[in-house]
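Visitor: Build me a model from this:
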Amino acid sequence: MVCIHRYLGSSTAARGLGPSAVDDLAQEAVLRTWANRARYDGSARLETWMIGITRNVLLEALRRRANDRQRRTELTDGDGPVDPGAPNPLAAVGLQLELDRVRNAMDDLSEEDRALLTEKLLRGMSFRELSLQFGRPANTLKARYYRLIRSLRRRCGADDTSPERARQT
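Guide: As a prediction, the model looks like this:
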């Protein structure tokens, strides 16, 4: 099995796929080797036979990748290929509306509440650190923080039915 990883690790084509894709290819090659073990007739070294299977798995993956790129290139809107990573203008507008709702809800909070949320969410401070900064017990700040989060969710019209949110209520 070492020969599979060695072959994929030394293959220039496999290097362009990324480590997780190479691991997936290695796993596929091992599975195919095992599934076809009855076909091995002993006329070649086992390692040579396994590398042949690995090479075929790699070539198939590269073909699939090239076909996927070709399909994305063919999907044009007249100005060129559609980039799947390009920002969606509608999503950007939705995000801006959501940010405006959060900003408006934050404006209604006291200065100290805004500072608590800012320190916890943006700076990642622990409740112990916040306790030292605000001069209040950590449990008090924790309860206050979660009340503020629930309040902001209600003001922003967020769905409070998710399990993660239910645990916080």
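Visitor: what stretches of this protein score poorly on pLDDT?
Guide: Confidence mapping of the chain against pLDDT under 70 gives the ranges 1-16, 72-94, 158-169.
Visitor: hey, where'd the helices end up in it?
Guide: For the chain, applying DSSP state H gives helices covering 2-10, 12-15, 19-35, 46-74, 89-107, 111-117, 127-134, 138-156, 163-168.
Visitor: Would you reformat those as TSV and include mean neighbour count?
Guide: In short, each C-beta sits where N, CA and C put it, glycine included. Shown next, in TSV, are the helices of the chain (neighbours: other C-beta atoms under 10 Å):
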stretch	mean neighbour count
helix 2-10	15
helix 12-15	13
helix 19-35	15
helix 46-74	14
helix 89-107	11
helix 111-117	15
helix 127-134	15
helix 138-156	15
helix 163-168	9
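Visitor: So what's the residue count around Leu17?
Guide: By the measure other C-beta atoms under 10 Å, the count of residues near Leu17 is 18.
Visitor: Quick check: it touching Arg64?
Guide: No. If you go by C-beta atoms under 8 Å, Leu17 and Arg64 don't touch, sitting 10.7 Å apart.
Visitor: Contacts for stretch 138-158, please.
Guide: 98, 101-102, 104-106, 108-109, 113, 116-117, 120, 127-128, 130-131, 134, 160, 165, 168-169 (C-beta atoms under 8 Å, 6 or more residues apart in numbering).
Visitor: list the contacts for Asn56?
Guide: Arg32.
Visitor: Go again with 10 Å.
Guide: Asn56 sits next to 28-29, 32 when contact means C-beta atoms under 10 Å, 6 or more residues apart in numbering.
Visitor: Next, find the distance separating it from Gly157.
Guide: 53 Å (C-beta to C-beta, to the nearest Å).
Visitor: Could you do Ala138 as well?
Guide: From Ala138 to Gly157 the distance is 30 Å (C-beta to C-beta).
Visitor: swap in Arg147?
Guide: According to C-beta to C-beta, Arg147 and Gly157 sit 18 Å apart.
Visitor: Equivalent analysis for Thr54, please.
Guide: Per C-beta to C-beta, Thr54 is found 53 Å from Gly157.
Visitor: Please apply the same query to Asn67.
Guide: Relative to Gly157, and taking C-beta to C-beta, Asn67 is found at 43 Å.
Visitor: Quick check, Gln133 in contact with Thr118.
Guide: No. If you go by C-beta atoms under 10 Å, Gln133 and Thr118 don't touch, sitting 11.3 Å apart.
Visitor: list residues touching both of those two?
Guide: The contact lists of Gln133 and Thr118 share Met125, where a contact means C-beta under 10 Å, 6+ apart.
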